[in-house]
Structures are given as C-alpha cells and as structure tokens.
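*Asks:* Build me a model from this:
(one chain, ligands or ions: 1)
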Amino acid sequence: MKKNSSNTMALTPTTSNKRETVCIFGTGDFGRALGHKLIQSGYPVVYGSRSTQISNLIPKDAEVLSHAEAAQKAAIIIIAIQRQHYNFLMPLAEVLHGKVLVDISNNLKLNQYPESNAEYLAQLLPGSKVVKAFNTVSAWALQSGTLDASRQVFVCGDDVQAKQMVMDIVRALGLTPLDKGSLLAAQEIENYPLQLFPMWRFPFFLSLGLTAFFFFYCLALDVIYTYIYENNNFSFFIAITIPNRVCPVMALILLALVYLPGIFAAIIQLYRGTKYRRFPNWLDKWMLCRKQLGLIALAFASLHAVFTLVFPLRAFVRWRISKGIISQALNNKTEPLDTTNAWISDSYLALGVLGYFLFVLLGITSLPSVSNNVNWREFRFVQSKLGYLSLIFCTAHTLVYGGKQFLSPSAYKWYLPNIYILSLIVPCAVLVVKFVLVFPCIDKPLTQIRQGWERNPKYSE
Ligand code: NAP
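*Replies:* Model (predicted):
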C-alpha cells in the first residue's frame, strides 16, 4: 500500500508551490553539501544512512532515517554513495521500484568500468528510473557557493519525465541543466570531471618544446658564442634579452600554426574534389585546438610587449645609450639623425602595435561570453579576416625589424640563421599559400566544394 502511494508520487506533476521531499542516500561530503543547498532552496530533505544518529555536520533541518524509511518519503532519491557500494541497494529494490534514482557518482580513472555507473545502477535496479546528474559539480563548490564558474549540470536518462523532475531541481538550485539525452551518454558525462585540459595538451607540449629549442638556440648564439669568440660575458641576457627574443618568435609561429591547418584542409579538399571525406585524424585534432594555440600565442605576444616596455629600465641599455653619448662628446661630433633608420624603427613598432591590437581582439572574441553574442559570420570575419591581417602585421613587424640584418654575414654565427629568420618560415609559407588560394581560379572551385559540389560524385542522380 505504502509502496503504491510512493510510486504514484514519483510521476505526479507538481501542482503547488510546495517543494517535494528529496531523499539523499549517504551522509558523506557530497550528500551533506547537496542537502544543504536543497534545504536553502526550499526542499525538505531526508537522508537515508547506515547510522540514524544525527551528527552536527548534517544540515539542521534534515531528517536522518534508515535507507528503506527514507526512500518511502520521497519520489526522488539521490545516491550520494560510491559505485562500489551500490550492491547494498539490491535488497531495497522493492521500495525503490518506480522511484527516480539520481546517480551522481564519478570514477577515479577514465573508462574505469565497462559500463557507466548510471547504467550499472539501472541494471541493478531495473524497476527504478535512473537519471545521471550533478557529477560535474563539486561538494566544495556547492558548500562554498562558488558555482559561478560552471553552472552547467549535465543530465541524462531514459525516462523523460524522471529527467524533467531532476532538471526542475537543478534549476531550483540556481544551476543550468543541459539535457545530454539517454543514459547512453552517462559514460561521457562521467569522463568529463576526469579530463585534464584535453584540448590544451598538444598546444602546451608543442609550445614547451619550441620554447626550449629557441631558448637554447639563443643561448648558444648570444651568450656562448660571444663568450668564446668575443670574450664578452653576456650571461645576463638569460633574464630579459633571450626571453624577449623567444616570446615574439613563439607568438608568430603559433599564430601561423593556427592558420596552417586551414590551408592544409583547403589543399586536401581541392585535391579530393569533395568535402565529404574525412580529414586525416592529425588534421582534425589540430583544427580542434586552434583556439588554444591562438591563446598561447597571445600570451607570448603579451609577454613580448611587457618585456619591450621594461627595456629602457635595464642597466645594459642605459649603459649603451650613455656610452654612445659620451663617445659623441669625446669626438666632439653629433651623429646626424638617420631618417631611414627612424622610418624603419617607427614602422616596425607601428606594425607590432597594430598586429598586437588585432591579436587581442582575436583573443577576446574567442571567449565564450563574447563569441556567444556574435553570429557565425561576424565570428568568422574576426577569426579569419582580422586573424590573417594580424598575421600579416606581425610577420611584417618581424621582417622590417630584421631588415638588412638578415642579409649581413654577421647574423650567421656558426653558420646558423638568427631566430627571427627561423620564425618567418611558417608564417611566410602560410601567407604565400593563402595568397595563392584567394586567386579566383582556385577560390571559386574551393567555395563550390565547400558548398557541397563534388568533382566525382559517388551517388549521381
Ligand atoms: P564520501 O564522503 O565517502 O561519502 C559516501 C557516503 O556513502 C558515506 O558517507 C556513507 O554514508 C555512504 N557509504 C559508505 N560506505 C557505504 C556502504 N558500504 N554502504 C552504504 N553506504 C555507504 O563520498 P562523497 O565525496 O560524498 O561522494 C559520494 C558520491 O558523490 C561519489 O560517488 C562521488 O563520486 C560523487 N561525487 C562527489 C563529489 C565531491 O565533490 N565529493 C563531486 C561529484 C560527485 P552513511 O554513513 O550516511 O551511510
């Protein structure tokens, strides 16, 4: 009799403003934090626990009963217990029949079990309606109220009504439910909290590797070479000079690497004459992490800007300036203003400032709060057109900075090119190929292919 009434309760829509009781199995960290939040939001909470003794950690207005007693009091039961203890639920199958069971559990490793915890729970209790939710929210965030960073709660389940009931609770807690579909999505949802910056891994390791390479390259040419052949100890270059050489080089190469996969994709599509064949895996992965590559590039460019601003404060720079002034005074001769040099220096600074400005704009538009407020065409305009313009400015900034230096034999210590020359290889290649791709005779078929045209259609009408 009791069982029937609770089953009916499970699927009856709420008709009054009074919140329905929510049962939580487990008085651990998560159970307590969620219970606290539910009580704050007006839900009566009853705990099902192995011990019915009230501890002062349990929210004040909550009841603590045995599992069976607590389950009878609510239509929704949140299972705040680790998966390995789920077996204890089997003797409760009858009382849990028809109830909505919310699986909030996580694992310690990705794909730790063959099936998701929620599917396992559904297999153990086929008479209950299992919904996966809340696993991406931490007990700490619930308790401290610092949920601003991630208000999204992924929800999935096979019973639409049960899922709706859980989503109503999520909303009442001030969070945003995101319906991920059936319980088949549970494995993916359980893997979310275990991922460690998946999109950042490749850009991070690539940047680390390139930075180390360029740092030691500069160390060899600017410090070791000058020490061996010119007997000058420039080891202090390690602090500012070398980082300020490596940062712009990294920024430029990484920015070019943001646009290089698009060039490869265009060439592959032109070669195949169709867009309906998948790109190679490496290209797919590369395309997916372009935003991260761009943001790391922006970080390097910002460091370069800061290092450049502190240049006049350096003892070495002040010493070089005063040495120049004193030598002019001793020779009683004022160097005339070299307007060509003034033009070159002003131009490369102006190009750098413009390139950096557009770079920052690209970074800002890649933030979800901004990109969500622009339409697809506006987003593409900024990321593609202004992005290429930024690449052009930054490449020109480096070219003008290098100027004639690149041609001078003294720039080739140990027959090695200056790192600025190395940094120009990828961006120049990207810009040249892009320039070729925008020619109408190439751009037209490419646009047609991207609109669905095929050179050798597989399925002709
Ligand atoms: P916890 O602090 O270890 O609490 C688990 C609770 O389970 C215990 O307090 C206990 O409650 C109950 N329990 C322990 N052994 C049991 C057994 N053999 N049989 C029946 N009940 C048993 O764990 P938690 O951090 O609260 O995590 C609970 C679940 O939430 C886990 O599945 C976890 O993956 C998930 N989760 C946790 C967080 C978080 O930030 N902590 C975030 C998202 C998801 P009683 O003593 O009252 O019986």
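*Asks:* Pull the contacting residues for residue 442.
*Replies:* With C-beta atoms under 8 Å, 6 or more residues apart in numbering as the criterion, the residues that contact residue 442 are 270, 436. Backbone N, C-alpha and C define where each C-beta goes, glycine included.
*Asks:* Would you mind measuring from it to residue 381?
*Replies:* Counting by C-beta to C-beta, to the nearest Å, the gap between residue 442 and residue 381 amounts to 21 Å.
*Asks:* Then residue 353?
*Replies:* Taking C-beta to C-beta, one finds residue 353 at 22 Å from residue 381.
*Asks:* Give me the below-cutoff pLDDT ranges for this protein.
*Replies:* For the chain, the stretches with pLDDT under 70 are 1-17, 146-150, 458-461.
*Asks:* what do you get if the cut-off is 50, keeping everything else the same?
*Replies:* Confidence mapping of the chain against pLDDT under 50 gives the ranges 1-15.
*Asks:* residues in it within reach of the ligand, list them.
*Replies:* Taking C-beta under 6 Å from any ligand atom as the test, the list of the chain residues beside the ligand reads 26-31, 49-51, 80-82, 85, 88, 104-106, 135, 138-139.
*Asks:* my read is residue 457 is in a strand, agree?
*Replies:* No - when the secondary structure is assigned by DSSP: H, G, I helix; E, B strand; the rest coil, residue 457 falls in coil instead of a strand.
*Asks:* which one is residue 396 nearest to, not counting chain neighbours?
*Replies:* Spatially, and ignoring its direct neighbours in sequence, residue 396 is nearest to residue 351 (4.9 Å; C-beta to C-beta, 6 or more residues apart in numbering).
*Asks:* Pull the number of nearby residues for that neighbour.
*Replies:* Here the neighbour count serves as a burial measure; for residue 351 (other C-beta atoms under 10 Å) it reads 20.
*Asks:* ok, the nearest residue to residue 301 once chain neighbours are set aside - contacts?
*Replies:* Closest residue to residue 301 apart from its sequence neighbours, by C-beta to C-beta, 6+ apart: residue 251 at 3.9 Å. The neighbours of residue 251, taking C-beta under 8 Å, 6+ apart as the test, are 297, 298, 300, 301, 304, 359, 394.
*Asks:* do residue 53 as well
*Replies:* If you count contacts by C-beta under 8 Å, 6+ apart, residue 53 has them with residue 64.
*Asks:* any idea how this protein splits into domains?
*Replies:* 22-194, 198-451 (the TED database).
*Asks:* Format the ones you listed as TSV; extra columns: distance to residue 457.
*Replies:* Supplementary listing: the domains of the chain in TSV, determined by distance: least, C-beta to C-beta, whole Å:
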stretch	distance to residue 457
domain 22-194	33
domain 198-451	8
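*Asks:* Quick check: which of the ones you listed is buried the most?
*Replies:* Mean neighbour counts were compared across these using mean count of other C-beta atoms under 10 Å; the top stretch is domain 22-194, at a mean of 19.
*Asks:* how long is that domain end to end?
*Replies:* Domain 22-194 stretches 28 Å from its first residue to its last (C-alpha to C-alpha, to the nearest Å).
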